[in-house]
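# Okay, structure incoming, though there's no sequence with it:
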């Protein structure tokens, strides 16, 4: 029987492999499709992203977290959530199908009517995979989730590239998304023993809803908050500018998801397994925060310093206007995985109400800020939004203090050394590489040098996090 520490380490290892392989493959397919498609193609698809995302939050309704936090889960609990999610997803698709002309009218883009009606097929398809995902998540079966996601990404990526080569424009992105959701939703059943039955009983859903509804509302608010910029940009700015933002935001999401996804796959189950021992939970949580900071700051600051070379060389000069937007987003993106770690703690302690109010506050603050900065242009709006996301870590820390007595000074001690180390390393790397004229060589130097310097700094500082990671990997390979 594995200890909690061993399960956590295994989950993090597979989580890193999962997200690492996913982001590498996603980046590869993203580079190819970005070279084939135009900013308008990405803008049109990006404008629609908020609708399936909100629908997904509604059909999931927080039941994944509810199932994970249940001490004993029975087949009827899974079955009840499965049928609720599927019926809700189907209903939401029908509603959005008939609302597509209104969406098209808002964005002033006639192509959106047909595009949205096909794109939104992912809503009921994703509903099928909600319960299997909860089962895998609760069981910490990160390896199995990794395998199906990689297979889905490869298959959908090949479809998308093939369609893009044949001039299918934005349809290639849409069908890539549909194939990915279809394979992941159905493929998860290969790795779990549970199967849905035709016996439909919604009593478990009603019992869970008191807890899960707060998660649902928070997920909706989170989704709106994450997509609010492109929704507003789609209305205010030319489609070219929206496309450039969509491209920058996509690479930013890929990068910080590499970190947040690695941690998220183990954080909530691990926190939930520690009962009534605040000191132990506080120690485990602080270690998770340090691990998040250890990865997040060098990854995101590193992307910021290579963004110009990467964008121009990888996807072409037609995307040059997205470089500065990506650099701004990377700064706040370094703090977003920390948001997720705090949120997982809050949810694991059954305080979905705090999770809800924290995200309501962030959304309302974002809207007020964006409206106030609207006349100053897209760059200032993104910068203000990014600063707000960085500062909101203080709010999540406040909730952690209420739940487990975590002190502000302790969080600062856990985060600041990695922040300042990564900032110094990337600044030195950027300065040294600036003397190199060749863009390709400059990119290579920045990537290699930043990794070597950061590793050296961590070793010289005798950072336990690095030693533990290396020891675990070494032990696994013995």
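Looks like it arrived, so ask away. Please read these numbers as outputs of a predicted model, since none were measured by experiment.
# can we go C-alpha only for contacts and neighbour counts from here?
Fine.
# do you know how far the closest residue to residue 81 other than its chain neighbours is from residue 83?
Once flanking residues are discounted, residue 81 sits nearest to residue 205: 6.1 Å by CA to CA, 6 or more residues apart in numbering. Distance, residue 205 to residue 83, using CA to CA, to the nearest Å: 10 Å.
# now swap in residue 44 and tell me
Between residue 44 and residue 83 the computed distance is 32 Å (CA to CA).
# cool, residue 401 as well?
Where residue 83 is concerned, residue 401 sits at a distance of 38 Å (CA to CA).
# of those two, who's got more company?
The neighbour count for residue 401 versus residue 83, taken as other CA atoms under 10 Å, is higher for residue 83 (22 against 15).
# Quick check on residue 49: phi, psi?
When read as degrees, to the nearest 10, the backbone of residue 49 gives phi -60, psi -30.
# How many neighbouring residues does the closest residue in space to residue 203 that isn't next to it in sequence have?
Nearest residue to residue 203 in three dimensions, chain neighbours excluded: residue 80, at 7.5 Å (CA to CA, 6+ apart). Other residues within reach of residue 80, judged by other CA under 10 Å, total 21.
# ok, now which ones touch residue 80?
Residue 80 makes contacts with 200, 201, 202, 203, 204, 205, as judged by CA atoms under 8 Å, 6 or more residues apart in numbering.
# Let me have these in a markdown table, extended by pLDDT and distance to residue 450.
Below are those laid out as a markdown table (pLDDT from 0 to 100; distance: CA to CA, whole Å):
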| residue | pLDDT | distance to residue 450 |
| --- | --- | --- |
| 200 | 81 | 55 |
| 201 | 79 | 55 |
| 202 | 78 | 54 |
| 203 | 80 | 55 |
| 204 | 78 | 51 |
| 205 | 78 | 49 |
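# Please list the members of these that lie in helices.
Among the contacts of residue 80, the members found in helices (DSSP state H) are 203, 204, 205.
# Out of those, grab the one that's most surrounded.
residue 205 (22 neighbours).
# thought it was touching residue 76?
No - between residue 205 and residue 76 there is no contact under CA atoms under 8 Å: 9.7 Å.
# List just the nearest of the ones in helices among the contacts of residue 80 to residue 131.
Ranked by distance to residue 131 (CA to CA), the ones in helices among the contacts of residue 80 are led by residue 205 at 12.4 Å.
# what helix or strand does residue 127 sit in?
helix 122-128 (DSSP states H and E).
# let me redo that: residue 195
For residue 195, there is no helix or strand it lies in under DSSP H and E.
# From here on, call the first residue 37.
Sure thing, new numbering starts at 37, so read that last one as residue 231.
# That one: neighbouring residues, count only.
Residue 231: 12 neighbours (other CA under 10 Å).
# gap between it and residue 436?
In terms of CA to CA, residue 231 sits 38 Å off from residue 436.
# again, but for residue 419
Distance of residue 419 to residue 436, given as CA to CA: 27 Å.
# neighbour-wise, which of the two wins?
Higher neighbour count among residue 419 and residue 436: residue 436, with 22 against 16, using other CA under 10 Å.
# Tell me who's in contact with that one.
Residue 436 sits in contact with 378, 381, 382, 442, where contact means CA under 8 Å, 6+ apart.
# Pick out the most distant pair among those residues.
Taking CA to CA, no two of the contacts of residue 436 sit farther apart than 382 and 442, at 12.4 Å.
# Correct me if wrong: residue 244 contacts residue 104.
No - between residue 244 and residue 104 there is no contact under CA under 8 Å: 11.3 Å.
# residues in contact with the helix or strand just after the helix holding residue 163?
Once helix 158-164 ends, the next helix or strand along the chain (criterion: DSSP H and E) is helix 166-174. By CA under 8 Å, 6+ apart, the residues outside helix 166-174 that reach it are 96, 100-101, 103-104, 114, 117-118, 121, 178, 180-181, 221, 224-225, 227-228, 230, 301, 305.
# can you check stretch 237-254 too?
Contact with stretch 237-254 is made by 93-94, 96-99, 101-102, 112-113, 115-117, 120, 386, 388-389, 391-393, 395-396, as judged by CA under 8 Å, 6+ apart.
# List only those of these flagged as buried.
For the contacts of stretch 237-254, a burial check counting by 16 or more other CA atoms under 10 Å picks out 93-94, 96-99, 101-102, 112-113, 115-117, 120, 386, 388-389, 391-392, 395-396.
# Among these, name the ones in helices.
Of the buried ones among the contacts of stretch 237-254, the ones assigned to helices by DSSP H are 93-94, 96, 99, 101-102, 112-113, 115-117, 120, 388-389, 391-392, 395-396.
# remind me which residues of the stretch 387-514 of the chain are low pLDDT?
Filtered on pLDDT under 70, the stretch 387-514 of the chain yields the residue ranges 501, 503-514.
# all helices for it, in order.
388-409, 414-427, 429-440, 444-469, 475-496, 500-512 (DSSP state H, counting those that start in this stretch).
# Which strands and helices lie in contact with the helix or strand where residue 150 lies?
Element membership for residue 150, per DSSP H and E: helix 148-155. For helix 148-155, the elements it packs on are helix 111-143, helix 206-223, judged by 3 or more CA pairs under 8 Å, 6 or more residues apart in numbering; DSSP states H and E.
# what inclination does that helix have with respect to helix 111-143?
170 degrees (axes from the mean of the first three to the mean of the last three CA atoms, to 10 degrees).
# List of residues touching helix 148-155?
Contacts of helix 148-155 (CA under 8 Å, 6+ apart): 80, 84, 132-133, 136-137, 139-140, 207, 210-211, 213-214.
# if we can go back for a sec, okay, the residue nearest to residue 239 and residue 241: tell me how far apart.
Relative to residue 241, and taking CA to CA, residue 116 is found at 6 Å.
# now swap in residue 412 and tell me
47 Å.
# got it, and residue 276?
44 Å.
# for residue 357, same thing?
48 Å.
# shaky segments in the stretch 87-236 of the chain?
Across the stretch 87-236 of the chain, residues meeting the criterion (pLDDT under 70) sit at 105, 107, 175-178.
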